[in-house]
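**Student:** Fold the following and give me the result.
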Amino acid sequence: MTDINLIKDLTTAFGPSGFEDDVLTIIKKYLNGFDTETDSMNNLFSRIKNNSDNAYTILLDAHTDEVGFMVQSIMDNGTLAFVPLGGWVPTNIPAHLVGIKNNRGEIVEGITGSTPPHFMSEEERKRPLSIDTMFIDIGAKSREEVIKDFGIEVGAPVSPLVNFRHDSKKNLIRGKAFDNRLGCCSIIETLKRLEGKDLNVNVVGGFAAQEEVGMRGAKITSTKVKPDLAILFEGSPADDRYFPVGVAQGVLGGGTQIRHMDQSYISSFEYIKFAKEIADKNNIKYQSAVRRAGSTNAGAIHLSGEGVPVLVLGIPSRFVHSHYNFADLTDFEATVDLAVNVIENLNEESIKKILKK
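**Tutor:** Here you go, the predicted model:
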């Protein structure tokens, strides 16, 4: 049974790239009883206590950061100029509520804004929106007030502020940061379901920082863990609003998304074949995806060591890299189900076949 509180707590947590501390605190709470450690980059590692001296190790990866912003300068009129952390479409940014973490660790609410039509020339109306011309308004009247009273400084991190909603009748969840807090939730649920079981692999959860700005954390986690195999969990962009049935490959309610390729990697044929056989045998819904664009931590992990086969499992999520996301809980559950069953069925023969040994 899916822990809705886990999903709510993790997706609403403040954690743009480079500022994932609050997310790690929540992960540690839900993994109480597991062996966990962090590093100086804000990566978190969690190991099942019944890990033994098995010859093979599998890394469960998800990134903890979300797309956000950073305060770049404070204007004399009290507004904040900002830069993006991660990929944003400029038209998705204005007129939304955001939280700025001040120097006291408090969240200050603000509104992203741009010049309203009343004060734009005809020429300005025709220009495309640019982040350089946007601002965040916290209600302050001066630069001095922002710094002294609100405690906001240049370099302060900014994250969307969104209420989480769960529609139990439709199995729908709505919130922010599904890319990739749903992946983090998947690791936690997978670890809990595997705890105490007799496995043929050592299982390590790797919660990686700073994926949205270049897969930075995963370069460290894969170097430290030195996995033989990996399963990567993602809040993948749903495409069922943009392509017809039969063409769309990220459909809400269509099951876990098995990614064959994107701009960062080409998957292991043997690994995907093995995963699909397990899914078919256990009636786990899945959909295959070949992405023309985009990337995941698989790009870093599969190039680590002497090469690591990575199985990328996605939970289709609408409107990722924006303030609001939709996802279907049945896809989340299918993702965890497949990961658990794949790990439970790994043995010497199947691993060597995937590794081509």
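
**Student:** Spell out the residue ranges of the helices in the stretch 51-200 of the chain.
**Tutor:** Under the criterion DSSP state H, counting those that start in this stretch, the stretch 51-200 of the chain carries helices at the ranges 122-126, 143-148, 178-194.

**Student:** Highest mean neighbour count out of those helices?
**Tutor:** helix 178-194 (a mean of 26; mean count of other Cβ atoms under 10 Å). For glycine as for every other residue, the C-beta is placed from the backbone atoms N, C-alpha and C.

**Student:** Next secondary structure element downstream of that one?
**Tutor:** Taking DSSP states H and E as the definition, the helix or strand that follows helix 178-194 towards the C-terminus is strand 202-208.

**Student:** From the contact counts, what lies against the helix or strand of the chain with the lowest mean pLDDT?
**Tutor:** When the helices and strands of the chain are scored by mean pLDDT, DSSP states H and E, helix 122-126 comes last with a mean of 81. Applying 3 or more Cβ pairs under 8 Å, 6 or more residues apart in numbering; DSSP states H and E, one finds that helix 122-126 makes contact with no other helix or strand.

**Student:** Using PDB, write out the CA atom coordinates for that helix.
**Tutor:** These are the backbone C-alpha positions of helix 122-126, laid out as PDB (Å, rounded to 0.1, in the frame of the first residue of the first chain):
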ATOM      1  CA  GLU A 122       3.500  47.600 -28.300                       C
ATOM      2  CA  GLU A 123       7.000  46.600 -29.100                       C
ATOM      3  CA  GLU A 124       7.500  45.100 -25.700                       C
ATOM      4  CA  ARG A 125       4.300  43.000 -26.000                       C
ATOM      5  CA  LYS A 126       5.700  41.400 -29.100                       C
END
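
**Student:** Return the residues in contact with Ser236.
**Tutor:** Under the criterion of Cβ atoms under 8 Å, 6 or more residues apart in numbering, the contact list for Ser236 reads Asp179, Gly250, Gln257, Arg259, Ala289, Gly314, Ile315, Pro316, Ser317, Val320.

**Student:** The same query, at a cut-off of 10 Å, please.
**Tutor:** Ser236 sits next to 178-180, 182-183, 249-250, 256-257, 259, 262, 289, 291, 294, 296, 312-317, 320, 327, 331, 335 when contact means Cβ atoms under 10 Å, 6 or more residues apart in numbering.

**Student:** how close does the residue nearest to it when sequence neighbours are not counted sit to Ser114?
**Tutor:** With sequence-adjacent residues excluded and distances taken as Cβ to Cβ, 6 or more residues apart in numbering, Ser236 is closest to Gly314, at 3.0 Å. When Cβ to Cβ, to the nearest Å is the yardstick, Gly314 and Ser114 sit 32 Å from each other.
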